[in-house]
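Could you look at this predicted model? Sequence included:
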Amino acid sequence: MSVISSLVPARFLTIIAHLVIVITIFWTREYNVKACLPLEFTQEQYNSEDLKLVVALSVTLGLFAIELAGFFSGVSMFNGSQGLLSTGAHASGSVALVFFLFEQWDCAVYWWILAFCSALPALMEILLLIAVFGLSKKPL
Amino acid sequence: MAFYEVYSHPVLIRYKASVCTSATVFLVVVVCLTYISPLLVAFRSQGFWIQRNTYEEQAVVRFQYETLLVVATGANGDHVAWSTFPHLNNMLGEKLRIPAVSVREEDQNQDGKLDRLIFQMQLPLKDEENVYSVQLLLIFSYQLFTKSTVVMQSLAYMQHSSPVPGAKLFISGDLRLQQRTPLPHRGLFNIYNVSVIDGSSPFASAYDLDNIVRRYQERNLTTVLSCPIPVWTTGRAARSPFQLIAEIHYPVEVISYYPGFWETIKFAWIQYVSILLIFLWVFERIQTFVFQNQVLTTVPITTGKPHQQ
């Protein structure tokens, strides 16, 4: 049972850390938007880049909702591979987003971070949800 | 009696699985993250490949006993001149004035390299002539040996002018090396081993200061006399010559060069391995946790003797 006593809290903590950083970026996205734009920019360019970043962050929050739903409902809480994948993806996502925030990386990088660190575990979560609720397999 | 640990040794457990399992995927991901991440970290934090490095050396400098002197003796452009080039002296005609020159080079710390040039010159002048400006060119040969072997002819150009007529000019400075580009790290570098002033040319354009300085400044490696405080003494007594005393030091220079292949690789390797050690330790702990607790199914095989009944 040492697996469960370590992996489940680790997964929970990394998901919450990733969530906190995404919310932080939501509130201080001005600097990151300015980093995507050239030195001279118009207000329309700013607005369009801002909108793109808001859309990306909202998609991230949606994927978090899916994953937390699967986690708290018990569907994937005790699944070893999903736990490992989720912990790894969210941990590297947190590190990458800290760099994104402090080093003011380009906005295009965010889509890559979203794909590997939010979409991938959420996709596996959806597959597990379909397997359990749709195909009536036992969770684990 | 007290109970203490006499000896310990580790036991090896091998975890085996077939190729098409999640354990293989995990292993591939972990290996990529272990060996590629330190490269990314080292590269993104700047300075992975060193582009330029420096070293210190005192050059072997010798005065070539070639000089060109131009002295303005009147406010309306009159001047007298002297040089060590026979063609120029012939062309000067009446404007030639021959000074008394004494030159000495010293090696103060007895390390085999000359450290200082002392150049003293006394220029005879007519009573009605006054010195308003002095332009002096001295030619040196400059050699470096530690990294690439550099052999070149170089120039020290000093100039001072004053609205009041002078009796003596004292200059004390360093002969500094100016680099536009770093030197190579090995090999012979003698493209500038051509004389700065072509003494065999019979044409006046070869001795024109504009042309000399322009051609000299086209070089990527030059020397320049750095003298922040020339001392101009006024009040020349009648019938006494104009004195010019120049002390030029040959200092230790900090020279920049392009590092070679092995030096670059050495520093890159140091950076990579020092970050790799951290990643190896972290992923070893993660892999031990995953495989020991069977988060992904593998077959553990211990190497040890089973208990015999």
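Here it is on my side, so go on. Residues are numbered from 1 along each chain as shown, chains lettered A, B, ... in the order given.

Go ahead and flag the most central residue of the chain.
I went with chain A, as the question did not name one. Closest to where the C-alpha atoms of chain A average out (Cα atoms, centre = their mean) is A:Ser118, at 3.3 Å.

Sorry, I should have been clearer: chain B.
B:Ile255 (1.4 Å).

List the contacts of that one.
B:54-57, B:144, B:147, B:177, B:179, B:183 (Cβ atoms under 8 Å, 6 or more residues apart in numbering or on different chains). For every residue, glycine as well, the C-beta is placed using N, CA and C.

Give the burial count for the closest residue to A:Val8 other than its chain neighbours, as a bare number.
Take A:Val8 and drop its neighbours on the chain: the residue closest to it by Cβ to Cβ, 6 or more residues apart in numbering or on different chains is A:Met77, 6.0 Å away. Look at A:Met77: counted by other Cβ atoms under 10 Å in any protein chain shown, it has 18 neighbours.

so A:Met77 makes contact with A:Leu7?
No. With contact defined as Cβ atoms under 8 Å, A:Met77 does not count as touching A:Leu7 (9.4 Å).

Need the residues touching each of those two.
Shared contacts of A:Met77 and A:Leu7 (Cβ under 8 Å, 6+ apart): A:Gly83.

for chain A, longest helix please?
Across chain A, the longest stretch assigned as helix under DSSP state H is helix A:43-72.

residues of the next helix-or-strand element following it that come out buried?
Of the helices and strands lying after helix A:43-72 in sequence (DSSP states H and E), the nearest is helix A:80-102. Within helix A:80-102, the residues that count as buried by 16 or more other Cβ atoms under 10 Å in any protein chain shown are A:80-97, A:100-101.

One more: stretch A:31-39?
In terms of neighbour count (16+ other Cβ under 10 Å), stretch A:31-39 has its buried residues at A:32-33, A:36.

Tell me which residues are up against the helix or strand of chain A with the lowest mean pLDDT.
Across the helices and strands of chain A, the lowest-confidence element by mean pLDDT, DSSP states H and E is helix A:29-36, at a mean of 83. With contact meaning Cβ under 8 Å, 6+ apart, helix A:29-36 is reached by A:25, A:46, A:49-50, A:53-54, A:57, A:100-101, A:104-108, A:110.

what angle sits between it and helix A:80-102?
In terms of direction (axes from the mean of the first three to the mean of the last three Cα atoms, to 10 degrees), helix A:29-36 departs from helix A:80-102 by 80 degrees.

Let me know the angle separating helix A:29-36 from helix A:43-72.
Using the same axes, to 10 degrees: helix A:29-36 against helix A:43-72 is 120 degrees.

Can you get me a residue count around the residue nearest to the residue nearest to the centre of chain A when sequence neighbours are not counted?
In space, A:Ser118 comes closest to A:Leu63 once its chain neighbours are excluded; the distance is 4.6 Å by Cβ to Cβ, 6+ apart. Look at A:Leu63: counted by other Cβ under 10 Å, it has 21 neighbours.

now swap in the one 3 residues further on and tell me
Around A:Ile66 there are 16 other residues, counting by other Cβ under 10 Å.

Apart from its chain neighbours, what residue comes closest to it?
Closest to A:Ile66 by Cβ to Cβ, 6+ apart is A:Ala122, at 4.9 Å.

now swap in A:Ser76 and tell me
In this structure, A:Ser76 finds its nearest non-sequential neighbour in A:Gln82, 4.4 Å apart by Cβ to Cβ, 6+ apart.

One more: B:Val29?
Spatial nearest neighbour of B:Val29, excluding adjacent residues (Cβ to Cβ, 6+ apart): A:Gly88 at 7.6 Å.

if we can go back for a sec, which residues touch the residue nearest to the centre of chain A?
A:18, A:59-60, A:63-64, A:89, A:93.

Tell me which two of these sit farthest apart.
Pairwise distances across the contacts of A:Ser118 (Cβ to Cβ) peak at 15.3 Å, for the pair A:Val59 and A:Ala89.

Tell me the backbone dihedrals of the residue of chain A most remote from its centre, please.
Most distant from the centre of chain A: A:Glu40, at 31.8 Å, with distances by Cα atoms, centre = their mean. When read as degrees, to the nearest 10, the backbone of A:Glu40 gives phi -100, psi 120.

tell me the pLDDT at it?
Confidence at A:Glu40, expressed as pLDDT, is 84.

Please tell me how far it sits from chain B.
Distance of A:Glu40 to chain B, computed by Cβ to the nearest Cβ, to the nearest Å: 27 Å.

what helix or strand is the residue nearest to A:Ile66 on?
Using DSSP H and E, A:Ala122 sits in helix A:120-129.

for that helix, packing partners?
If contacts are counted by 3 or more Cβ pairs under 8 Å, 6 or more residues apart in numbering or on different chains; DSSP states H and E, helix A:120-129 sits against helix A:43-72, helix A:80-102.

Look up how far B:Thr297 lies from the closest residue to chain A within the stretch 1-150 of chain B.
When scored by Cβ to the nearest Cβ, the stretch 1-150 of chain B has B:Ser22 as its residue closest to chain A, at 5.3 Å. Separation of B:Ser22 from B:Thr297 (Cβ to Cβ, to the nearest Å): 8 Å.

quick one, which of those two is more surrounded?
Per other Cβ under 10 Å, whichever of B:Ser22 and B:Thr297 has more neighbours is B:Ser22, with 16 against 13.

what's the longest helix in chain B?
Max-length helix for chain B by DSSP H is helix B:261-292.

got the buried residues for that helix?
Residues of helix B:261-292 classed as buried: B:264, B:267-268, B:271-272, B:275-276, B:279, B:283, B:286, B:289-291 (neighbour count, 16+ other Cβ under 10 Å).

Okay, now the unreliable bits of chain A?
By pLDDT under 70, the weakly predicted segments of chain A are A:1-4, A:139-140.

So what are the sheet partners of the strand ranked longest in chain B and their directions?
Counting residues, the longest strand in chain B under DSSP state E turns out to be strand B:149-179. Strand B:149-179 has its sheet partners listed here by DSSP bridges as strand B:131-144 (antiparallel), strand B:188-189 (parallel), strand B:221-226 (antiparallel), strand B:231-234 (antiparallel), strand B:242-249 (parallel).
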